[in-house]
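Novice: Got a predicted model here, sequence first, then my questions.
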Amino acid sequence: MRKLPIVAASFLFPATAFAHTGGPPGHDLAYGFAHPIGGLDHLLAMVAVGVLAALLGGRAPWRLPLCFMAMMSAGFALGMSHMGLPLAEVAIALSVVAIGGAIAWARPMSPTAAMVLVGAFALFHGYAHGLEVPTNTSALPYVAGFVSATALLHALGLAASVAILGLSQRHGKSIVRVAGGAFLLGGVGLLLGWL
């Protein structure tokens, strides 16, 4: 019965689903690596990039993740310099909705359009990371950590999707598109504070 107030309080503070708590962050390799994995908003978006890359095929499996990581690094530089990028947390949640929607949508998407989509949202992901690093410290270990974790999450989404697409030519794309719908709904849940 004592857990009930804690559970009730968690519904009153839905921002805990986001990776950015506003508290004093660490800035080492381990913290950088844990950051994308520990926040549901980052986790869903980064896995979704891998899923979208697998669905598009061709050169997308390496171009989309590289584009995301490059733009995330640029966003990190913006965050470190404390340049204003409004509504970053909302944009991060919207990235899950948009990338999930792109996966679920039954129409083909050009690789260029996909790169613009993931690259634009990656800027916000990187920005949020950059805001958390104290300006008087070396950010290199932290950057190495979150870029490594991002690559791992992209690879996870890519590998799972390639496996699903390879198992069933008839139903593979449908299964992956259903996963896209789940990402989309997860993003809506983040936006509404339900997750």
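Specialist: Sure, I can see it. Numbering: from 1, shown residues only.

Novice: what residues are up against A104?
Specialist: Residues near A104 by Cβ atoms under 8 Å, 6 or more residues apart in numbering: 177-178, 180-181, 183-184. (Each C-beta comes from the backbone N, C-alpha and C, glycine too.)

Novice: Got a quick ChimeraX command for the buried subset of the residues you listed?
Specialist: In ChimeraX, this line selects whichever of the contacts of A104 come out buried by 16 or more other Cβ atoms under 10 Å:
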select :177,180,183,184
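
Novice: how close does L87 sit to G101?
Specialist: Distance, L87 to G101, by Cβ to Cβ, to the nearest Å: 19 Å.

Novice: got it, and A120?
Specialist: Applying Cβ to Cβ, the value for A120 to G101 is 14 Å.

Novice: returning to what we had before: okay, L87 and G101: which has more neighbours?
Specialist: Taking neighbours as other Cβ atoms under 10 Å, L87 and G101 compare with G101 leading, 16 against 10.

Novice: Where does that one sit, in terms of helix or strand?
Specialist: helix 88-104 (DSSP states H and E).

Novice: mind listing what's buried in that helix?
Specialist: By neighbour count on 16+ other Cβ under 10 Å, the buried set for helix 88-104 is 88-89, 91-104.

Novice: Let me know the closest of those residues to Q169.
Specialist: Nearest to Q169 among those is I103, at 18.0 Å by Cβ to Cβ.
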